[in-house]
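**Student:** from the sequence below, what's the structure:
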Amino acid sequence: QLPLVESGGGLVQTGGSLNLSCSSSKPTFSSYSMGWFRQAPGKEREFVATIMWSGSSTAYADSVKGRFTISRDNAKNTVYLQMNNLKPEDTAVYYCAAKYYRMSISEEDYDYWGQGTQVTVSA
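**Tutor:** Okay, here's the model as predicted:
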């Protein structure tokens, strides 16, 4: 098991920034690639960003490329999602997820999920 807890969501105006965090109490965190996904009301959950277990590689959805940055600190068992230049269409519940070893953009590949944190961007 790999418990995950997200934090950092909130309400922000268009153009603003938020930094989401996702932490685990398990030291095995460093063996897992991590992903961020989001689900807007009435929509399917979608991929946002992923980072390799080592931090050596990342990938982003086209809709967030250049605005969002995923990073991790394995010493703190934490992955981050820095979100800049936020838009109303970024409004969603954001979830972090863990997948052993290799990163993936497919949610079906992820084994553990956090409870989600709400991000709301006002126009």
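
**Student:** shaky segments in the chain?
**Tutor:** Within the chain, no stretch has pLDDT under 70.

**Student:** ranges for the strands of it?
**Tutor:** Secondary structure of the chain (DSSP state E): strands at 5-7, 10-13, 18-23, 32-39, 46-51, 58-60, 68-73, 78-83, 92-100, 112-113, 117-122.

**Student:** now do the last one and strand 92-100, the angle between them.
**Tutor:** Right, the one you point to is strand 117-122. Angle of strand 117-122 versus strand 92-100, following axes from the mean of the first three to the mean of the last three Cα atoms, to 10 degrees, is 140 degrees.

**Student:** go through strand 117-122 and flag the buried ones.
**Tutor:** Judged by neighbour count (16 or more other Cβ atoms under 10 Å), strand 117-122 contains these buried residues: Thr117, Val119, Val121. Where you see a C-beta, it was placed from the backbone N, CA and C, and this is true even at glycine.

**Student:** kindly report the same for the fourth one.
**Tutor:** Counting neighbours by 16+ other Cβ under 10 Å, one finds that the buried residues in strand 32-39 are Tyr32, Ser33, Met34, Gly35, Trp36, Phe37, Arg38.
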